Each structure stands twice: as C-alpha cells, then as structure tokens.
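**Student:** Next comes the sequence, and after it the predicted model I'd like to discuss.
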Amino acid sequence: MNKTLELIWKTLINPKEAFDTIREEKPVYTALIYLLLFGLVSVVSGHFASQSLNLSSSMKDVPQNVLPFLNNFQNSIKSIASSPMYFVIGMIAPYLSNFISVSIYELLAQFTIKKSNGLALFTAWAFASIPMLIYKLLDLLFSVSMNYVLPGWVSSLFLIWEIVLLIIAIKEVYQTDAGTATGIYFTPIVAIIVLVVLYILFLLPAVSNLLKLMPNGGLTP
C-alpha cells in the first residue's frame, strides 16, 4: 500500500520519475491496488452524481410533452446507479479497460518501435489515470455537500491532463521520444474516428433512400 501511495504522489509531482521507476521495477500489484481504489471512487461518485441529477430544471425550455420522458429517463439512471450490478460492473470495469487499452498499445509499440514492456505499461497506464480519479473525488465532494454535478468543461481539463500523462507513460516505458509516443497514443483514436466516419458515409445513402420512401420525405406522427 505504501508503494502505491508513493507512486500516486510521484505521478502527480514528477510523472517522468514515477514512470521510470515503474519501468525498472514493474510493480504490477500497485496497479491492482490503485485500480481497486479507482473503481470504488468511480461507483460511489457515479451513484451520488446520479442522485443529484435533475434534467427537468437544467432544461427549462424543453416542451412540456417531453418532460415525462426526461423524468422517466432520469429515474432510470438513478435506479441503475443504485443497483448491485452497477457496483459490480463499476469495480471490474477499470481492470478490463486498463487491460484492453494496454494490450492495444503494447501491440502497436511492438509493430512500430519493436519494443515490448507490457507489465510496465499496465502499471504506468493505471497511474496515468490519476487526474480522472481526482476529478471523480471532486465530483463526489460537490454531489454530497452541495447536490451539484460538475460541468463538462471541468472534466475536459482533467481529461487533457490524463492524456498528457498517458503520452509520458508511453515515452518512459518504451524509452522513446515525445513525438513517437504521441503518435503511438493517437494512432488507435484516429483509426476509430476514420472507421466511424466511413461507416456513417456508408449508411447515408441507405438512410436517405429510406426517408424518401416515407410520407413527405421524412418521419411523420
């Protein structure tokens, strides 16, 4: 536990040193402990954030006939976030997400720079998510004390911080330069975006033809 706390602190104040230590020692157990903490904070903050959710008041200009749908949707979210399955999935998700992400980037590193260090990357990748852990703790604090959900732009700031740490993690674990590390990080993201765009473009003609077959060229009540 002491080693886990030490790496959390090092990642915050000197991520390069933290990831160098991880590359040399490969303390996988610290990542497992950290991901347990991350999962616990995630499910608790998600639960309280859902209870603070009030779509009706945040969307005052919506038509009155839409309000019942919003209320039902809101109640569904609150119900899901209070279920035992939500807590089980929330505790398992960080491990699965970390493993899948590391598998992709480890394979990509082997193809591009001919280097392999999966155990170190698994550990470094986990600790690089510390910005989002801090965000979830802040979200939990505001939800419990003020019944307030943090706006999206706040999470965007912490997401950018996390991306920077992930790139540093790749750079230090594989001992490569910043440009290569940045390229490795964004390659899967760009590939997914391109695939989604191509998929949408592929579906557009079919959707267009379907709309033409409908009365007045579109959906009607």
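**Tutor:** Received the coordinates, thanks. Just so you know, these numbers come straight off a predicted model, no measurement behind them.

**Student:** Spell out the residue ranges of the helices in this protein.
**Tutor:** 2-13, 15-25, 28-51, 55-58, 67-80, 84-112, 118-127, 130-146, 152-173, 178-212 (DSSP state H).

**Student:** how about the ones you listed in JSON lines, adding mean neighbour count and mean pLDDT?
**Tutor:** No exception for glycine: its C-beta is placed from N, CA and C like everyone else's. Below are the helices of the chain laid out as JSON lines (neighbours: other Cβ atoms under 10 Å; pLDDT from 0 to 100):
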{"stretch": "helix 2-13", "mean neighbour count": "15", "mean pLDDT": "94"}
{"stretch": "helix 15-25", "mean neighbour count": "19", "mean pLDDT": "95"}
{"stretch": "helix 28-51", "mean neighbour count": "19", "mean pLDDT": "90"}
{"stretch": "helix 55-58", "mean neighbour count": "12", "mean pLDDT": "55"}
{"stretch": "helix 67-80", "mean neighbour count": "13", "mean pLDDT": "73"}
{"stretch": "helix 84-112", "mean neighbour count": "15", "mean pLDDT": "94"}
{"stretch": "helix 118-127", "mean neighbour count": "25", "mean pLDDT": "96"}
{"stretch": "helix 130-146", "mean neighbour count": "17", "mean pLDDT": "88"}
{"stretch": "helix 152-173", "mean neighbour count": "18", "mean pLDDT": "95"}
{"stretch": "helix 178-212", "mean neighbour count": "12", "mean pLDDT": "88"}
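
**Student:** And for residue 180, nearest residue in space, chain neighbours not counted?
**Tutor:** residue 113 (6.4 Å; Cβ to Cβ, 6 or more residues apart in numbering).

**Student:** residues near that neighbour, how many?
**Tutor:** Neighbours of residue 113 under the rule other Cβ atoms under 10 Å: 17.

**Student:** Help me confirm that it comes into contact with residue 176.
**Tutor:** Yes. If you go by Cβ atoms under 8 Å, residue 113 and residue 176 touch, sitting 5.7 Å apart.

**Student:** Which residues are in contact with each of the two?
**Tutor:** residue 184 (Cβ atoms under 8 Å, 6 or more residues apart in numbering).

**Student:** still on that earlier bit, can you pull the contacts of the residue nearest to residue 180?
**Tutor:** 174, 176, 180, 184.

**Student:** Local confidence estimate at it?
**Tutor:** Predicted confidence (pLDDT) for residue 113: 94.

**Student:** returning to what we had before: tabulate the contacts of residue 113 (CSV), appending distance to residue 21.
**Tutor:** Output for these, formatted as CSV (distance: Cβ to Cβ, whole Å):
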residue, distance to residue 21
174, 15
176, 18
180, 21
184, 21
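
**Student:** Endpoints of stretch 115-132, how far apart?
**Tutor:** Stretch 115-132 has an end-to-end distance of 28 Å (criterion: Cα to Cα, to the nearest Å).

**Student:** Distance from the chain centre to it, please.
**Tutor:** The chain centroid and the centroid of stretch 115-132 are separated by 14 Å under Cα atoms, centre = their mean, to the nearest Å.

**Student:** my read: residue 15 touches residue 166, true?
**Tutor:** No. In this structure, residue 15 is not within contact of residue 166 by Cβ under 8 Å, at 10.0 Å.

**Student:** Perfect, that will be all.
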